[in-house]
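S.K.: Predicted model and sequence follow; I will ask about them next.
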Amino acid sequence: EADFFKLISETLNITPIYNPVSSFGVEDRVNIVADLVNGDTDVTFGAFPLHELVYPYADPTLSYIESYMNWYVPCGKPVPRMEKISQIFKPSVWLMLALIFFLSVIVLWLGARSTQNSGSTESPSYLTICNSMQNMWAIFIGLAATDMPRTGKLRSYFCLFVWYCFIVSTLFQTYFTSFLVDPGVQERIRNLDELFRSDLVYHYEPENEAYLRVSFPDYYSEIPLQRQACESTRHCIYDFLREQTFTVIGHSFSVDYLISVITNPELCTLDDAIYKINFAMHFVKGSHLVDIFNGIIHGLLQGGLIG
């Protein structure tokens, strides 16, 4: 904004005298407006938003920068592969697979024992329940059985079980392979209701907190999250980027500036912003410079030099 104001000053051939401020809290902004009203300054700028409480005391120019007040929340983290693999089938499906497996073991074991009473000769691989379970487990995981059943009925049931295991195994391996390659990410918090129901701690910066309390008292009073103060917006955002375990409110304009030195920063916000903020310069009430500055700002905006 300083470079933008300098460009306008050069266009108008004026030499401004700057009066720097130490901070940009709500109280400091009130003092800045008071300086305008008292005639100590002619214009103010520097992340100064258009606000209904300021309109009675100062005249704003056209807005030349937009920013959004957002909740920044942890991004979705990769799902652990073992957790995803266990979710390939629902618990009821896993239970049914186990039930069919044990029923098949019992059917083949009892079928093999019944053939002895009828005088038929059955493979000894199915005459004991342990051998029968060993063969069924081999088929279930895609290996070869030690022997095939010899009687027609057991062979028919055995072939049916083989085809069943083949189909289940094919489905399992298809999902298993895809989950190994990309297990996906956990769903992040997307709206205010989900955020307020979460156990995230709200790390706040005092100046942002004061602005929110003054500008949106109803919204501010409805925030149920546990609060923890942080030293500055810079500390809040950098701690958030490092930990991703809490939530913070920030202005997209300042956040984008802070993360501009970071490669591929991971930042996620709620789908809906708290508030859209428009920044502008503010002049003494009734100043003739407002229209002059507006004309130049409009031309610079149209030329794509800012915004």
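M.R.: It's in.

S.K.: So residue 207 is in contact with residue 26, correct?
M.R.: Yes - between residue 207 and residue 26 there is a contact under CB atoms under 8 Å: 6.8 Å. All C-beta spots, glycine's among them, are computed from the backbone N, C-alpha and C.

S.K.: wait, what's in contact with residue 121?
M.R.: 115, 150 (CB atoms under 8 Å, 6 or more residues apart in numbering).

S.K.: That one is in what secondary structure piece?
M.R.: Counting by DSSP states H and E, no helix or strand carries residue 121.

S.K.: pLDDT score assigned to it?
M.R.: Looking at residue 121, its pLDDT stands at 71.

S.K.: next one: residue 81
M.R.: Looking at residue 81, its pLDDT stands at 66.

S.K.: Do you have the strands of the stretch 101-250 of the chain handy? List them.
M.R.: 202-204, 227-229, 247-251 (DSSP state E, counting those that start in this stretch).

S.K.: quick one: which of those is nearest residue 169?
M.R.: Counting by CB to CB, residue 169 lies closest to strand 247-251 out of those; the figure is 44.1 Å.

S.K.: after the closest one comes which helix or strand?
M.R.: Scanning forward in sequence from strand 247-251 by DSSP H and E, the next helix or strand is helix 252-258.

S.K.: List the buried residues for that next one?
M.R.: By neighbour count on 16 or more other CB atoms under 10 Å, the buried set for helix 252-258 is 252, 253, 254, 255, 258.

S.K.: ok, the nearest residue to residue 247 once chain neighbours are set aside - contacts?
M.R.: Leaving aside its sequence neighbours, residue 247 sits nearest to residue 200 (CB to CB, 6 or more residues apart in numbering; 4.6 Å). Residue 200 makes contact with 73, 74, 189, 225, 245, 246, 247, according to CB under 8 Å, 6+ apart.

S.K.: just checking, the first one touches residue 268?
M.R.: It refers to residue 73. Yes - between residue 73 and residue 268 there is a contact under CB under 8 Å: 5.7 Å.

S.K.: Which neighbours do these two have in common?
M.R.: Taking CB under 8 Å, 6+ apart as the contact rule, the neighbours common to residue 73 and residue 268 are residue 188.

S.K.: Between these two, tell me which one has more neighbours.
M.R.: A direct count of neighbours by other CB atoms under 10 Å for residue 73 and residue 268 places residue 73 higher, at 22 against 15.

S.K.: Contacts only, for the more buried one.
M.R.: Applying CB under 8 Å, 6+ apart, we find residue 73 in contact with 188, 189, 195, 200, 247, 268, 269, 270.

S.K.: Likewise for residue 278?
M.R.: 49, 50, 63, 65, 66, 67.

S.K.: Quick check: the gap between the third one and residue 177.
M.R.: Meaning residue 63. Taking CB to CB, to the nearest Å as the measure, residue 63 falls 53 Å from residue 177.

S.K.: more neighbours, these two?
M.R.: residue 63 (16 against 9).

S.K.: Wait, residue 45 touches residue 1, no?
M.R.: Yes - counting by CB under 8 Å, residue 1 is a contact partner of residue 45 at 5.4 Å.

S.K.: so what's in contact with these two at the same time?
M.R.: Common contact partners of residue 45 and residue 1 (CB under 8 Å, 6+ apart): residue 279.

S.K.: Give me the most central residue, this structure.
M.R.: In the chain, the centroid-proximal residue (CA atoms, centre = their mean) is residue 75; its distance is 3.1 Å.

S.K.: so what's the closest residue to residue 137 other than its chain neighbours up against?
M.R.: Closest residue to residue 137 apart from its sequence neighbours, by CB to CB, 6+ apart: residue 101 at 7.7 Å. Under the criterion of CB under 8 Å, 6+ apart, the neighbours of residue 101 are 136, 137, 140.

S.K.: The last one and residue 165 touch, don't they?
M.R.: Yes - under the criterion of CB under 8 Å, residue 140 lies in contact with residue 165, with a separation of 5.3 Å.

S.K.: re earlier: farthest-separated two in the contacts of residue 73?
M.R.: Most distant of those, by CB to CB, are 200 and 269, 13.5 Å apart.

S.K.: which ones are touching residue 72?
M.R.: Residues near residue 72 by CB under 8 Å, 6+ apart: 237, 240, 247, 248, 249, 250, 255, 267, 268, 269.

S.K.: Quick check on the residues you listed: which are buried?
M.R.: By neighbour count, with 16+ other CB under 10 Å, the contacts of residue 72 hold 237, 240, 247, 248, 249, 250, 255, 267, 269 as buried.

S.K.: Was I right to think the third one contacts residue 196?
M.R.: No - look at residue 247 against residue 196 with CB under 8 Å: they stay out of range, at 10.3 Å.
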